[in-house]
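> Take this sequence and fold it.
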Amino acid sequence: MMTGQPRWYVAQTQPNAENKALVNLEHQGFATYLPRYLKRRRHARRVELVPAPLFPRYLFVQIDTAIQRWRSIYSTFGVSQLVGHSDTPTAVAEKVIVALKSQEDATGYIQLDQTPVFRVGDKIQVMDGVFADCFGLYEGMRDCDRVAILLDLLGRKVRVTVDAMSVAVA
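Now for the predicted structure:
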């Protein structure tokens with residue numbers, strides 16, 4: 001496994017310990033990369049964007065196996081193991097890291113397209129909010145965050161606009 005140049009590898013972390021593993025690996029002198037995105041979280045009728053790992057329980061570590069003491073990664077707090085075959089970690093192609101980094105915005109978060117993919121007339125269910133557990137027909141997008149649906153309320157069809165993230169295919 002002697003390479004003579006640094007390559008990227010995948011480290012599996014303990015549950016919810018990506019940041020702990022990242023800090024501890026960097027303290028040992030390893031270059032790391034934890035791709036993140038802004039996740040929409042609902043709590044107590046509030047919607048907020050919080051940073052979340054793109055690949056929960058995984059991060060990338062750059063290792064030069066010829067000169068670095070890479071086996072210390074196995075005993076790093078927050079790290080479970082390096083991904084590979086038996087005792088040999090498997091390298092990740094450099095183009096994977098480049099592709100991930102190219103999708104980051106100025107703040108360092110990867111931008112994901114989170115618009116729902118429904119067709120007009122699809123039967124959908126409202127998952128939360130005032131109309132939770134109601135079924136309706138998808139009518140279209142009103143803007144980037146809201147969808148229009150036709151609900152059957154009190155024996156007639158009513159057009160309602162709800163948050164795009166609060167509906168799912170029925």
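
> show me what contacts the most centrally placed residue in the chain?
Centrality entry for the chain: nearest residue to the mean C-alpha point is Leu54, 2.9 Å, by C-alpha atoms, centre = their mean. Leu54 is in contact with Pro35, Arg36, Tyr37, Leu100, Ile110, counting by C-beta atoms under 8 Å, 6 or more residues apart in numbering. C-beta coordinates here come from the backbone N, C-alpha and C atoms, glycine included.

> For PyMOL, write the selection for the buried entries among these.
Of the contacts of Leu54, the buried ones go into a single PyMOL selection, burial set by 16 or more other C-beta atoms under 10 Å:
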select buried, resi 35+36+37
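
> Out of the contacts of Leu54, list just those in strands.
Arg36, Tyr37 (DSSP state E).

> Which of the contacts of Leu54 sits closest to Asp133?
Distances from Asp133 to the contacts of Leu54, taken as C-beta to C-beta, are shortest for Tyr37 (28.6 Å).

> who's in contact with the closest one?
Tyr37 touches Pro51, Ala52, Leu54, Tyr109, Ile110, Gln111, Leu112, counting by C-beta under 8 Å, 6+ apart.
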